[in-house]
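Participant: Provided below for reference: sequence and predicted model.
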Amino acid sequence: MIITVSRMFGSGGRDVAAIVARQLGWSLLDNAVVDEVAARLGVSVSEISSRDEKVPSLSERIASSMTLSAPELAMPLADTSLVELPEERLVAVTQRVIEEAVQQGDAVLVGRGAQCMLAERSDALHVFCHAPLAAMVDYAIKHRGLNPATAEAEVVKTNKQREKYVRRHWGRDWLALENYHLCIDTANLGIPAAADVVVAAARARFNLAS
């Protein structure tokens with residue numbers, strides 16, 4: 001059984017997922033996915049984290065295309081790994097890691113398009129955590145260490161990146177309600193209560209003992 005937790009940046013969805021996993025006694029697949037992808041690709045965890053759930057910029061895509069077609073014409077980049085590690089390979093390895101991980105037992109999986117990868121599984125519960133912009137900005141400042149002066153712009157940018165990531169690789173609207181069984185406003189419910197709702201939904205969907 002699998003619970004996927006998609007989350008708007010600043011909604012606290014990652015924290016919701018951690019509580020849900022703990023309450024159910026299931027594995028939490030979040031940073032461990034990044035670690036495994038980095039190990040398989042032979043790159044640093046920080047590089048994978050910096051590109052996680054993002055699409056490359058236009059300049060990065062052009063540089064990558066030039067390198068593949070004519071390496072001698074490519075302009076040097078400050079971070080050459082952006083060229084050396086194509087986006088498609090990163091996504092493919094991430095998907096493989098997730099598919100293998102969910103075969104190991106019950107798990108709560110955070111982000112990375114898992115609601116799309118595992119959309120056809122009957123033993124999955126797909127959750128989306130959201131909140132009003134002001135609440136997301138406040139949460140990101142308090143719990144993710146964002147600079148108050150730039151926090152709103154960073155929250156908006158990150159969520160647009162996640163939306164583009166899902167559309168680019170799965171052709172779906174990240175915000176479309178039909179992708180999810182349960183959508184939760186974490187600002188109005190609070191993180192602990194939101195986690196309780198997910199746990200209750202999982203127990204009902206999977207016929208789990210309380």
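Facilitator: On my side now, so go ahead.
Participant: who are the neighbours in contact with Leu208?
Facilitator: 24, 202 (CB atoms under 8 Å, 6 or more residues apart in numbering). In short, each C-beta sits where N, CA and C put it, glycine included.
Participant: if you set the cut-off to 7 Å instead, what comes out?
Facilitator: Contacts for Leu208 (CB atoms under 7 Å, 6 or more residues apart in numbering) come out as Ala202.
Participant: before we move on, what about Val127?
Facilitator: Val127 neighbours (CB under 7 Å, 6+ apart): 3-6, 180, 182, 184, 198.
Participant: Over to Gln95?
Facilitator: Gln95 touches Met117, counting by CB under 7 Å, 6+ apart.
Participant: and the next element down the chain from the helix or strand harbouring it?
Facilitator: Using DSSP states H and E, the element containing Gln95 is helix 87-101. Downstream of helix 87-101, the next assigned helix or strand under DSSP H and E is strand 107-110.
Participant: so what's the backbone phi/psi at the residue positioned nearest the centre of the chain?
Facilitator: Nearest residue to the geometric centre of the chain (CA atoms, centre = their mean): Gly111, 2.5 Å. Dihedral pair for Gly111: phi 60, psi -150, per degrees, to the nearest 10.
Participant: likewise the one 10 residues further on?
Facilitator: Backbone geometry at Arg121, expressed as degrees, to the nearest 10, gives phi -80, psi 130.
Participant: Just give me the neighbour total for it.
Facilitator: Using other CB atoms under 10 Å, Arg121 has 13 neighbouring residues.
Participant: Going by residue numbers, what spans are helices in this protein?
Facilitator: Listed in chain order, the helices of the chain (DSSP state H) span 13-24, 31-41, 45-51, 58-69, 81-84, 87-101, 114-117, 133-144, 151-170, 186-189, 191-206.
Participant: Measure how far stretch 99-119 is from the centre of its chain, please.
Facilitator: 11 Å (CA atoms, centre = their mean, to the nearest Å).
Participant: residues touching the nearest residue to His130 once chain neighbours are set aside, list them.
Facilitator: Of all residues not flanking His130 in the chain, Met8 sits nearest, at 4.8 Å (CB to CB, 6 or more residues apart in numbering). Listed by CB under 7 Å, 6+ apart, the contact partners of Met8 are 129-131, 136, 159.
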